[in-house]
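> Got a predicted structure plus its sequence, pasted below:
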Amino acid sequence: MRVLILLVLLPFSLLAGSLSSPLVEVDGNKATVKINRTSTGVSGFIVRHFNTERSTILANATVTGYDSERGVALLELSTYTGLRQSSLPSGRWTPQAGDEAVLGFAYTRALLIAPSDETYHSIISRVPSLQWAHPDTFAAFLSYRGHPTPLQKDFKDFCTTSSSGLLYIHLKKSLFTMDCKSMHLLQIIPVDIERKDVKLPFYFRFEKIREAWWGEGSDRLTSYDPYYFGLIVKNNPDSELLKTYAQENDIPPELLESHWHDGFTGLFEGVEEENQPEVK
């Protein structure tokens with residue numbers, strides 16, 4: 001029951017929906033905004049309102065720090081590509097003080113990476129408040145790119161396309177929650193679900209993900225937990241959450257200084273992994 005309550009409250013404990021506030025200062029790709037609450041790693045975008053009926057998105061925004069005493073968040077700005085259309089002209093506006101920062105947008109929609117159908121359905125059934133992007137759609141997205149091993153860019157681009165704000169990854173006995181675009185770790189909670197087998201690269205319902213002839217991501221994934229744990233470490237090298245997790249699970253601290261997933265293989269020796277037969 002404790003796990004059930006945590007899972008139901010998880011998305012709302014982070015942001016309780018999207019938040020918006022005008023920019024206070026802008027200096028190049030840095031900006032500040034006054035806001036009551038947020039977490040480092042939360043992503044969003046900057047909006048310019050021309051009038052009551054017309055507006056446009058100017059840039060991506062990611063929270064890089066938060067001063068709770070002053071209620072001020074520091075934002076890093078980058079190019080927004082979610083509405084890219086090469087056949088149409090684009091504006092050359094840049095963010096400035098007074099433009100609106102929208103943070104935590106689409107935190108009501110999430111993608112779950114799970115090792116089996118039992119794990120997947122057990123978790124989503126406990127969080128009915130979220131809209132779930134089905135892993136079949138992500139698998140089809142990867143197949144189009146020829147990436148049977150999902151890359152960080154694949155997650156980011158898919159979450160932009162599907163308007164998903166959160167990424168959940170279940171590893172062994174824990175559920176890791178990240179911002180789907182920044183890949184910043186937001187929370188880790190214990191979720192112990194028995195595994196009967198592991199489908200690689202994650203649970204989805206059709207036969208296989210097409211692989212490209214060459215390039216990063218074109219190789220088939222051979223180990224579930226080490227790869228995804230390495231991906232989390234790579235994107236969160238200074239995470240206090242990961243350091244606490246390492247202490248509680250007897251993970252040598254030096255392993256958190258490397259993101260090469262093969263280094264984590266020994267941590268998950270007790271997890272049974274079963275490759276699915278490749279259909280040709």
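Everything's here; your move.
> Next, count neighbours for the closest residue to G71 other than its chain neighbours.
For G71, ignoring the flanking residues on the chain, the nearest one in space by C-beta to C-beta, 6 or more residues apart in numbering is K34 at 5.5 Å. Every residue, glycine included, has its C-beta placed from N, CA and C. Using other C-beta atoms under 10 Å, K34 is surrounded by 14 other residues.
> what number of residues lie near the nearest residue to S163 once chain neighbours are set aside?
Leaving aside its chain neighbours, S163 sits nearest to A106 (4.8 Å; criterion: C-beta to C-beta, 6+ apart). The burial count assigned to A106 is 19, neighbours taken as other C-beta under 10 Å.
> separation between A106 and S174?
Remark: distance between A106 and S174 (C-beta to C-beta, to the nearest Å) = 24 Å.
> now do Q152
20 Å.
> For those two, indicate the residue with more neighbours.
Legend: neighbour count by other C-beta under 10 Å for Q152 and S174, higher for S174 (16 against 12).
> Now do the same contact list for the more buried one.
Listed by C-beta atoms under 8 Å, 6 or more residues apart in numbering, the contact partners of S174 are I188, I189, P190, V191, Y245.
> pretty sure the fourth one is in contact with T177, am I right?
What that stands for is V191. No. With contact defined as C-beta atoms under 8 Å, V191 does not count as touching T177 (10.7 Å).
> how about stretch 190-202: buried residues?
V191, I193, R195, V198, K199, L200, P201, F202 (16 or more other C-beta atoms under 10 Å).
> How is the fourth one assigned, secondary-structure-wise?
The three-state label given to V198 by DSSP: H, G, I helix; E, B strand; the rest coil is coil.
> my guess is it meets D117, correct?
No. Between V198 and D117 there is no contact under C-beta under 8 Å: 10.9 Å.
> show me what contacts the residue nearest to the spatial centre of the chain?
The chain has C180 as the residue nearest its centroid, 2.5 Å off, counting by C-alpha atoms, centre = their mean. C180 sits next to S43, A106, A110, L111, F155, K156, C159, S164, G165, L166, L167 when contact means C-beta under 8 Å, 6+ apart.
> what separates the second one from S18, distance-wise?
According to C-beta to C-beta, A106 stands 8 Å off from S18.
> can you give me the helices in the chain?
Assigned by DSSP state H, the chain shows helices spanning 2-14, 117-126, 135-145, 152-162, 224-235, 240-248.
> Compare these and report which one is nearest to G82.
helix 152-162 (4.7 Å; C-beta to C-beta).
> what are the C-alpha coordinates of the closest one, in PDB please?
Output of helix 152-162 as PDB, limited to C-alpha atoms (Å, rounded to 0.1, in the frame of the first residue of the first chain):
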ATOM      1  CA  GLN A 152      19.200  10.000 -25.200                       C
ATOM      2  CA  LYS A 153      18.200  11.900 -28.400                       C
ATOM      3  CA  ASP A 154      15.600   9.300 -29.200                       C
ATOM      4  CA  PHE A 155      13.900   9.800 -25.800                       C
ATOM      5  CA  LYS A 156      14.100  13.600 -26.100                       C
ATOM      6  CA  ASP A 157      12.700  13.700 -29.700                       C
ATOM      7  CA  PHE A 158       9.900  11.200 -29.000                       C
ATOM      8  CA  CYS A 159       8.800  13.100 -25.800                       C
ATOM      9  CA  THR A 160       8.700  16.300 -27.800                       C
ATOM     10  CA  THR A 161       6.700  14.600 -30.600                       C
ATOM     11  CA  SER A 162       4.300  12.900 -28.200                       C
END
